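In: kindly generate the corresponding structure for this input.
(3 chains)
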Amino acid sequence: MSSSAVATSELALLRAHAGRPWVETLHEWVTTVDHKKLGLMYIGYALLFLLIGGIEAAIIRIQLAIPHNSFVSPQVFNRLFTMHGTTMIFFVAMPILFGFANYLVPLMIGARDMAFPRLNAWSFWTTALGGLTLYFSFVGGDGLYGAGSAPDVGWWAYAPLTSTAFSKGHSTDYWTIALLVSGFGSIGTAINIFTTILCKRCPGMKLGKMPLLAWLNLVMSGMVLLAISPLTAAQIMLMIDRYLGGHFFDTQAGGSAVIWMHFFWVFGHPEVYILIIPGFAFASEIIPVFSRKAIFGYPVMVGASVGIAFLSMSVWAHHLFTIGMPSYSNAFFVLTSMAVGVPTGIKIFNWLGTMWGGKIRFDTAMLFSIGFLVQFLIAGLTGIMLAVAPFDWQLNNSYFVVAHFHYVIVGGLLFTIFAAFYYWYPKMVGRMLGDTLGKWHFWLFLIGFHLTFDFMHVPGVLGMPRRIYTYEPGRGWEIWNLLVTVGAFFQALGVLCFVINLIKSYFRGAPAGNDPWDAWTLEWSTSSPPPAYNFATIPEVKSRRPLWDIKHPEDPDWKYE
Amino acid sequence: MLNSLLNIRAARSVRIIVLFVAGLLWAAVMAWANTGTGPQIPNIFAPESTPAHEIYIVSLFVMGICIAIFVVVFGLLAYSVVKFRRRAGDDHREPPQVYGSNQLELAWTVIPVLIVVVLFLSTARVIHEIQDAPPPARAVRVTVVGHQFWWEFRYPQFGFVTANELHVPVSDTKNPTPTYLTLLSADVNHSFWVPRLAGKTDLIPNRANHMWIEPRETGLYLGQCAQYCGTQHAKMLLRVYVDTTAQFDLWVQKQRLPALRDPSVTEGRRIFDSTACVNCHTVNGTGARGRFGPDLTHLMSRDTLASGAAPNTRSYLRLWIRNPYTIKPGALMPAMNLEDEDLDRVTAYMLTLH
Amino acid sequence: MLAPTPETVSTLPSAGRVGMLSLIVAESAIFTIFVVAYLYYIGKSLSGPTPRQVLEIPIFNTICLLSSSVTIHLAVKALRNGQRAAFRAFWIATTVLGATFLLGTGREWRRLIYADGFTIQTNLFGTTYYSLVGLHAFHVSVGLLALTIVLALTLAGSVTREHSERCDVLAMYWHFVDAVWVVVFSVVYIIGR
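Out: Residues are numbered from 1 along each chain as shown, chains lettered A, B, ... in the order given. Okay, here's the model as predicted:
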């Protein structure tokens, strides 16, 4: 459709909706099974928890800005770091990535919706319920001994700290049940994404012709199926211990604290790859468009992604280098942990190859993507350092590790998520995000990120362990902690710019049109936002970049693929 | 190249980046200058014991490789961002579409694999050297038991128990006397970390772990628990005193003696022995045989109280006995609710336990 | 891009089957962890009865459950050929065999708990045994519930040839439950004893 025809029909829709009672709109959203609406709800939900998790982080940083601070009590601090980690991973990162996958995957593979729309809705609401359960603990968690409230056992909830002997009341149960419930939601969404990609592609879109975002979400959802279940199993075992008198982790009865660690990290390590892989997906779609070149090495990118998925299932015990495994076990996990760096590095080189020889445009989405590349490189290298087990014997459980994983998740993943916002918001909302506010967002956040997380490596090297509510003066940690805290406030300002931009642009952003970026995948062939049915007729494709073929009929991709 | 950088519109972003990186570096240098390099700084790059030293060497090696990789890749990235940006007078034609290169893919697969092989082999060697080192006959043996939130140190070779402050002899390369630690836990997971002496090893209930240190310089080395163990994880501090052989022998002799019996504190001792104190604490030579809390036989030989949470002075000791929560909220010792006079007497008794 | 022509209509796998397979993958991962815990704790109980002392090998139950896999396979095959009467008969057989298995497990547990005083709290063996067998029995129950619903619909005459794929998807779940039993049986009653 021409852009004026699009604008007219959009306006007509808006007019039709304008007079509707709000109850009707609410009902439509609550009962929807449309992948686009559910995607937006996932994203909105995650953004809310991003703000909450960020406030928790800010309080933590204020407490740690100076030694022997008393901004919060040790009990409150321990709850804060537990909730911060749990929230960010399970109620920010997972939902936001599922949200983008939900929105984009059917559009990019030429489908009308996900394979199981009702399962999709059920999965969203189940995940949402999990988050509410977790946060209800702040008000409802008081147990028999008045030792309740939010969980304070760390986001890994190591046994036997989580046994009824050491965690009285119900705070640990809120952690367990919230994640158990949202885990079912995650598995449901993974089944949906996996099935949709395998079974609902449009004609001509063989597996080798689908966008990398589809491949990477296929890989990610496959990993979710394998990796979330160990956590579910361990949590069921924990509940059996706590309420049915079981002895899975009861060291007094001969049980083992170590098997919790293994079960948790068999989930936990693949989980962080589950988080970053959709980030790779965003980068793989955005970098080519803003470099004006096809992605370099598509088959290798697919192979590397699958390789990362498999290898990442074999590295988990690098979180356990200090528990006293025999030397040959330690050596094995050193090897696998380093090996997984090889396909990861290959991907970085391929993104570099995409930019090489291109005509790079520095729109905000691309700025965030370039930031991702540099920061993910650094994060990967500190990861290699940590893979050297003896070095890890010093650095494990210190602020060096905290710096490393925030480098990956914030400097890597969150940067690609911001990029994805700037890139696809126009498609979802029909309006562009403001460029000036976007640049302010980028620079403020970049400065804050580096102030915080570059300097955070140093206290780790100087012996500062993690999860401590205060620290001794005279160990050389003071100035670094102060700088780290200052950086947190720059990041907060950056996020504030972002939130303002999201809201302001919704009402006053420039109209986007179908294809504001001159991009090449199927979602840019629909109106912005797309109609409920996505495509008037299901498209048929011949190459990986169907819109490139249309825009360059003299030089289509399928001649070269 | 710098000239052309300064002449173009995109130079503003480049200038911001350069300024920012310079600012970061300046802040880093200032902060490092402020940090100081005193012996109290538990810096993993200032090792004073064989395992810590071996870790230091291999860490330099891996960091060197990582820095080299960073310089190359970042350099290429920075170059591509500058060289291949869209210029002002661009004709909006798409650049040549290059879909891949098998030779490049092969190259940047093979080289990282080789790096991994080299790193793995060097790492495996150090793992073996540290973990599989057999204890020599002259090694001092200490059993460390982790508690919420304090450290129990048992010296089976000498038959005494102490808490929170570990004394070991310095080791001489000609006649090595390392200290071998057996690590146990009475409750939840803990981790023994004194960075300048060794990497950390966890204390896990129902499991015996082992580690060793071989300090080369006398002095006091600081550390703390490095596995979240509950409310007061942050105040489960470690002090390791590396003594000369003579100092260490003297210390051992004193620790083996039963508690000093000072007649001026009989009343305090009576209060201690007849209240709940004896359920948790041991004072050798008296009826107090409790093991839930630290051994107090030679309490005054220690510099700190409550695993480093407070200095070992009369006023802090009195405060601690009156209500531990004022110093370490969440510690498992309850407030004893003693009358002021009784409190003074018990404190006086504690002060005699040298 | 063109409208799809008959030649280009896709031959992609059926969503129901792929979805069920994905669920089976996730469930397999859960069972794997429980099996690993069971194997790890063999011989590590500090007290209480050993498997040899209290466990009787459930041959009859196993035969029932494994036969039910055969009957459900025959049922789906019949429905695909439009033989609704045969489908009904085999489906009833499957449901009965599944229910028998569950009842048998229930009776075994009743004996263990009341006659032998052996519960989930008794020792490590108790915890891992009841958890693993219980998790499996839970999955059998869910499957049985689904089988019963389809049975009710069949008796009401609502199930036709068009539903054969859905019944096949349910059959996949049932086969999975049986395969898990083979593993649980081997681990608990053969290896663990």
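In: tell me where the stretch 1-150 of chain A has helices.
Out: For the stretch 1-150 of chain A, applying DSSP state H, counting those that start in this stretch gives helices covering A:3-18, A:22-30, A:35-64, A:74-86, A:94-108, A:117-140.
In: so residue A:413 touches residue A:273, yeah?
Out: No. Between residue A:413 and residue A:273 there is no contact under Cβ atoms under 8 Å: 10.9 Å. The C-beta positions use only the backbone N, C-alpha and C, and glycine is treated the same way.
In: which of the two has more neighbours?
Out: Using other Cβ atoms under 10 Å in any protein chain shown as the criterion, residue A:413 and residue A:273 rank with residue A:413 on top: 25 against 22.
In: so where's chain A uncertain?
Out: A:1-18, A:140-148 (pLDDT under 70).
In: residue nearest the centroid of it?
Out: Centroid-nearest residue in chain A: residue A:93, 3.1 Å away (criterion: Cα atoms, centre = their mean).
In: which residue, other than its chain neighbours, is closest to that one?
Out: Closest residue to residue A:93 in three dimensions, ignoring its sequence neighbours and counting by Cβ to Cβ, 6 or more residues apart in numbering or on different chains: residue A:275, at 5.0 Å.
In: run the chain-centre distance for the helix or strand that the one you found is a member of.
Out: Residue A:275 is part of helix A:257-291, with elements assigned from DSSP states H and E. Mean-position distance between helix A:257-291 and its chain equals 8 Å (Cα atoms, centre = their mean, to the nearest Å).
In: summarise which helices and strands the helix or strand just after that helix is packed against.
Out: Once the chain leaves helix A:257-291, the next helix or strand it forms, by DSSP H and E, is helix A:298-312. Under the contact criterion of 3 or more Cβ pairs under 8 Å, 6 or more residues apart in numbering or on different chains; DSSP states H and E, helix A:298-312 touches helix A:212-244, helix A:257-291, helix A:341-355.
In: give the contact list for the closest residue to chain C within chain B.
Out: Chain C sits closest to residue B:206 of chain B, with a gap of 10.1 Å, by Cβ to the nearest Cβ. Contact analysis of residue B:206 by Cβ atoms under 8 Å, 6 or more residues apart in numbering or on different chains lists A:251-252, A:254-257.
In: let me know the secondary structure of it.
Out: coil (DSSP: H, G, I helix; E, B strand; the rest coil).
In: ok, back up a step: return the member of the contacts of residue B:206 nearest to chain C.
Out: residue A:254 (4.4 Å).
In: for that closest one, which non-adjacent residue is closest in space?
Out: Residue A:254 sits nearest to residue C:46 (Cβ to Cβ, 6+ apart), 4.4 Å away.
In: and that neighbour, its phi and psi?
Out: phi -80, psi -20 (degrees, to the nearest 10).
In: how close does it sit to residue B:315?
Out: Distance check for residue C:46 against residue B:315: by Cβ to Cβ, to the nearest Å, it reads 47 Å.
In: thinking again about what came up before, between helix A:94-108 and the helix holding residue A:275, find me the angle.
Out: 40 degrees (axes from the mean of the first three to the mean of the last three Cα atoms, to 10 degrees).
In: give me the helices and strands touching helix A:257-291, please.
Out: Packing contacts for helix A:257-291, counted by 3+ Cβ pairs under 8 Å, 6+ apart, involve helix A:94-108, helix A:212-244, helix A:298-312, helix A:341-355, helix A:364-387, helix A:415-429, helix C:15-40.
In: how about the longest one, does it reach chain C?
Out: Meaning helix A:212-244. Yes. Helix A:212-244 is in contact with chain C by Cβ under 8 Å from any Cβ of the partner chain, via A:221-222, A:225-230, A:232-234, A:236-237, A:240-241, A:244.
In: report the secondary structure state of the residue in chain B sticking out farthest from the centre.
Out: Most distant from the centre of chain B: residue B:91, at 60.4 Å, with distances by Cα atoms, centre = their mean. Assigned with three-state DSSP, residue B:91 falls in the coil class.
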